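A.B. asks: Model the following, please.
(chains A and B)
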Amino acid sequence: MLRYLVFRASQLILVLIVVSILVFVFTSVMGNPVYLMVRENATEEEVQAAIEYLGLDKPLPVRYGIFVKNALRGDFGKSYVYHQPALRIISERFPATIEIVIVAMLLSALVAIPLGVYSGAYPKNFFSKSIMTISIAGISLPSFWVGMVLIFVFSLKLGILPVSGRGDVGVFLGIKTSLATVSGWRHIILPSVTLALGSLATILRLTRAGMQENMRQDYVKFARAKGVPRKKVLFGHALKNTLIPVVTIFGLQLGGLIAFTTITETIFSWPGMGKLLIDAINSADRPIVSAYILFVAVMFVFINFVVDILYTIIDPRIDLK
Amino acid sequence: MKRKLLVLFLVMSLVLSLLAGCGGDTSTSGEEDTTNGTGEDKSDTPKEVVIGLAGDAYSLDPYPLNETLTNAINNHLYDSLIEPDKDLQPVPALAEDWNVSEDAKVWTFYLRKGVKFHNGNDFTADDVIYSFDRSKVDMSAFKYCLSTVESYKKVDDYTVEVITKDPNALLLAHLKDLMILDKETCEGKDDEWIALNPNGTGRYKFVEHVRGDRVVFERNNNFWGELPEATKVTFKPITNEGTRTANMMSGAVDLIVDVPVRDVDMLKTQDNITIASIPSLRVIYLNLAGWTDNPSPDADMPLEAPDGSNPLKSIKVREAIYRAINEDEIISKIMNGYAIPATTYIPEGFNGYNPDVERLEFNPDLAEELLDEAGYPRQSDGHRFTITLDASNDRYVNDGDIATAIASYLEKVGIKVNLNLMSRSIFFTYIGSTNKEGDNSHFLMSGWADSGGESALMGLDMVYSMSQDGYIKDGYGGVNRGYYQNPDIDELIDKAMATAETEERDQLMQQVWKMAADDISYIPLHFQKDLYAHNDKIKYHPRKSKYVYAWDVEFLQ
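C.D. replies: A predicted model of the protein is given here:
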């Protein structure tokens, strides 16, 4: 186990080095922040002063060196537009994103897995067939469209849910979260549903495929012949053997959702990280973009680590060594 | 199995505690905390207003960023010595009165007495000096305000003297941008702290700012001037246009800005929603590099004429381009009628506006004749010469569509146009006339708005002589992207800058705009109209400068 942890940690460092170089090179060609900072008709001196203030007068490798040196001390630079430390701005936004992602992932797991098990076990059933048809829609509908339709139906026509925003924030177990208030929940429903649709359909279809395959295996037939109850066969035997790919995808989806909720957050004016990223790109706010991408890289490595451990729990035959 | 579960549990709890750590600082709050801040559950108290903006205030420190939205929000918290009235003319704010010496060089400001900052500190000349100093530090985006100033000093607690380098009748237009911070509060603190702890003298006090979600202010009942009606104002950044409209229709906000042109008709059908529109200061125009033999040497797609000359040098060609563009059609088809044709850079009602200047009539046949006369007949492929139109596609209302339309109008008269559309984050660097990375642009569409309300400053930026190699007079002509040169105009602008008498300055600038138009030094297209929607609880009186103020909201009940 320890050896495995060391291996993972060194992997993380490698990923960070590669990602940081890529991010640094890409953000440095991503629009010029200087002209967004000074007024439109800035004089030569004003522009020059801004360039020096941002440290952009130095060559790229030197800037990278400074960036790494500061990053090692936990300083990812100051946002060009917010004039606050980049990491603080990102972590400020993190809880809001985590909220909708957790709700969305719970929603998709709780809906998708039972439906997947059912439609995998009874593939010829009419209900199963309709589930599959609907799930195609879930995969193929773009979230900006779904979001607008949900707003139109639930907020404008029915008037039961708010259009956008985060709602009130309450304190739960020392964490400030909108999941602790009624207004928070009312605000969270539409964005999480929008966010959940894609992953819900993916997980559903994956579960169904795995179930169909497993239901044909000898051990299932044997269990049924032995008289194991139907429920136990489905969830205890077949589902457990289907879960490995499902958990993998679930982990990737989770990471993807946390990192790139951009569209959903923009539509619902949700003050999370995704919206921050798109605003930062628009204003060429390089420190935010680079800190954000590094953050996402760390998160993906971490999620994959958790997924690996989950494998060994689901299937004891898997050895992390 | 149990050990693995334990490891997993430990890891998860580590993550959760990290989350708790950063969750603790999600909002930067004033004295009282939230739980009453959202939009839809506040209808019982009549004097609250929720405003849906197109973006967030980046910083509540007024100095690091100079941008309409952030400035307008900060104006609620802070005052300047002078503030603009509805017509953008300077009126007294923290300076009660001022006078200027004969040579327009020494300005004396008499400060208002008895003004308190939100935390109770007294406002004095020291605060003014401190704020002026702060506008000159590296991070400040307001260095230009005092760039023409030789020195400034405190005479006594309520008198400040400012001495300019050259005669400068327009100091006020710049000083109104400098918001006054409290020296006692800010001195010794770092910039981050100042941004999170705003303390001004303005009409509103800071309550909370949850970045990306809301900015909440309450009325400062000790304000030195007339109290605004709204006791509490909430700004909500709603960047998505459709969401902004939906918020308006659902009643979650009372007022929205930048109503998308395509949603206007739908909003009009709602009984309780009114659309307010006002011609803005934002002029959309074309610049042509007609005062150089070697236009845009670094462009990817250079200007190409069969004889190797620069056709834009000929006034006939410039007139032909002007006449080939059907501006009325652009306004009715692309802008849905929400724009007014521009005759010069100066909108009607602005000082220096010259009513004698008229648009050249749309006439493609005449345009073809002019191009023939100028020596650019159609070649065998039907084209006279090739130019590249640089334009943004996410900065101005429907800018990409307008540029596309212009390209096709010009194609009709035989000018081949390469359309070069780009995002604003690269556009302004690309077209910059003082861009060190290269001279890329010979024909471009851009926009300009000067909320300073001063024609002479517009002239100084837009038509003062500027050469391809850089400034002719340092800092003058910074947005003269066609390198237009006319010494007579320079002289008139210099004179206007030194003229304290408004009427006289107005006359001088009217001449400037006439001369610049006669030379077809640029092609004006239109002034955008700003669109707002509000419900029947309030009436909103928009400003030309697009600054959204809670005190422009009138409550109807």
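A.B. asks: Which residues are in contact with residue 111?
C.D. replies: Picking chain A for this. Contact analysis of A:V111 by C-beta atoms under 8 Å, 6 or more residues apart in numbering or on different chains lists A:196, A:200, A:204. Any C-beta I mention is one placed from the backbone N, CA and C, and that applies to glycine too.
A.B. asks: my bad, chain B
C.D. replies: B:L111 touches B:81, B:94-96, B:123-125, B:128, B:157-160, counting by C-beta under 8 Å, 6+ apart.
A.B. asks: Take the residues you listed and keep only those in strands.
C.D. replies: B:95-96, B:159-160 (DSSP state E).
A.B. asks: Which two among these are spaced furthest apart?
C.D. replies: Spanning the widest gap among the ones in strands among the contacts of B:L111 are B:E96 and B:V160, at 11.7 Å by C-beta to C-beta.
A.B. asks: Show me which of those two is the more surrounded one.
C.D. replies: Taking neighbours as other C-beta atoms under 10 Å in any protein chain shown, B:E96 and B:V160 compare with B:V160 leading, 24 against 15.
A.B. asks: Leaving out chain neighbours, which residue sits closest to that one?
C.D. replies: Using C-beta to C-beta, 6 or more residues apart in numbering or on different chains and skipping the chain neighbours, the partner closest in space to B:V160 is B:F109 (4.7 Å).
A.B. asks: just how off-centre is the host helix or strand of that neighbour within its chain?
C.D. replies: If you go by DSSP states H and E, B:F109 is part of strand B:106-111. Put simply, strand B:106-111 sits 28 Å off its chain's centre (C-alpha atoms, centre = their mean, to the nearest Å).
A.B. asks: If you count neighbours, what's buried in that strand?
C.D. replies: For strand B:106-111, burial by neighbour count (16 or more other C-beta atoms under 10 Å in any protein chain shown) applies to B:107-111.
A.B. asks: distance of the residue nearest to B:V160 from chain A?
C.D. replies: Distance of B:F109 to chain A, given as C-beta to the nearest C-beta, to the nearest Å: 24 Å.
A.B. asks: hang on, isn't that residue packed against B:T159?
C.D. replies: Yes. Using C-beta atoms under 8 Å, B:F109 is in contact with B:T159, at 7.1 Å.
A.B. asks: got a list of what A:Y53 touches?
C.D. replies: By C-beta under 8 Å, 6+ apart, the contact set of A:Y53 is B:138-139.
A.B. asks: now do 6 Å
C.D. replies: By C-beta atoms under 6 Å, 6 or more residues apart in numbering or on different chains, the contact set of A:Y53 is B:D138.
A.B. asks: Check for me that it belongs to a helix.
C.D. replies: Yes. Assessed by DSSP: H, G, I helix; E, B strand; the rest coil, A:Y53 belongs to a helix.
A.B. asks: What separation do you get for it and A:F24?
C.D. replies: Using C-beta to C-beta, to the nearest Å, A:Y53 is found at 19 Å from A:F24.
A.B. asks: ok, and does the helix or strand of chain A with the lowest mean pLDDT reach over to chain B?
C.D. replies: Least confident helix or strand, chain A: helix A:34-37 with a mean of 72, by mean pLDDT, DSSP states H and E. Yes. Judged by C-beta under 6 Å from any C-beta of the partner chain, helix A:34-37 and chain B are in contact via A:Y35.
A.B. asks: gap between that helix and the chain center?
C.D. replies: Remark: helix A:34-37 is offset 31 Å from the chain centroid, using C-alpha atoms, centre = their mean.
A.B. asks: Need the residues that contact that helix.
C.D. replies: Applying C-beta under 6 Å, 6+ apart, the contact partners of helix A:34-37 are A:50-51, A:283-284, B:428-429.
A.B. asks: CA atoms only for that helix, dumped as CSV, please.
C.D. replies: Output of helix A:34-37 as CSV, limited to C-alpha atoms (Å, rounded to 0.1, in the frame of the first residue of the first chain):
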residue,chain,number,x,y,z
VAL,A,34,-2.1,44.3,-20.9
TYR,A,35,-4.5,45.9,-23.3
LEU,A,36,-7.5,44.7,-21.2
MET,A,37,-6.0,46.4,-18.2
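A.B. asks: Contact residues of the stretch 51-200 of chain B facing chain A?
C.D. replies: B:58-59, B:64, B:66, B:138, B:143, B:191-192.
A.B. asks: Of those residues, which is the most crowded?
C.D. replies: Most surrounded of those: other C-beta under 10 Å gives B:S59, at 26 neighbours.
A.B. asks: any weak-confidence spans in the stretch 351-500 of chain B?
C.D. replies: B:433-438 (pLDDT under 70).
A.B. asks: Now it against chain A: closest residue?
C.D. replies: At 3.0 Å from chain A, B:S425 is the closest residue in the stretch 351-500 of chain B, using C-beta to the nearest C-beta.
A.B. asks: what comes up buried for the longest helix anywhere in chain A?
C.D. replies: Of all the segments assigned as helix in chain A under DSSP state H, the longest by residue count is helix A:86-121. For helix A:86-121, burial by neighbour count (16+ other C-beta under 10 Å) applies to A:86-105, A:107-109, A:112-113, A:115-121.
A.B. asks: From the chain's centroid, how far away is the helix or strand that that helix is followed by?
C.D. replies: Sequence order places helix A:126-140 as the next helix or strand after helix A:86-121, per DSSP H and E. Distance of helix A:126-140 from the chain centroid (C-alpha atoms, centre = their mean) equals 24 Å.
A.B. asks: Excluding sequence neighbours, find me the nearest residue to the residue of the stretch 151-300 of chain A at minimum distance from chain B.
C.D. replies: Per C-beta to the nearest C-beta, A:P271 is where the stretch 151-300 of chain A lies closest to chain B, at 3.1 Å. Counting by C-beta to C-beta, 6+ apart, A:P271 lies nearest to B:G212, which is 3.1 Å off, once chain neighbours are set aside.
A.B. asks: Can you pull the poorly scored residue ranges out of the chain?
C.D. replies: I went with chain A, as the question did not name one. Along chain A, segments meeting pLDDT under 70 span A:1, A:31, A:36, A:40-44, A:174, A:320-321.
A.B. asks: my bad, chain B
C.D. replies: B:1-46, B:169, B:433-438.
A.B. asks: residues making contact with the longest strand along it?
C.D. replies: Under DSSP E, the strand in chain B containing the largest number of residues is strand B:273-288. With contact meaning C-beta under 6 Å, 6+ apart, strand B:273-288 is reached by B:264, B:267-268, B:312, B:318, B:340, B:342, B:345, B:347, B:396, B:443-445, B:447-449, B:481-482, B:522-535, B:540, B:542, B:544, B:546.
A.B. asks: Over to stretch A:211-224?
C.D. replies: With C-beta under 6 Å, 6+ apart, stretch A:211-224 has contacts from A:117, A:120-121, A:123, A:233, A:237-238, A:241-242.
A.B. asks: sorry, back to before: number of nearby residues for the residue of the stretch 151-300 of chain A closest to chain B?
C.D. replies: A:P271, neighbours per other C-beta under 10 Å, totals 25.
A.B. asks: Could you pull up the contacting residues of it?
C.D. replies: A:96, A:166, B:212-213.
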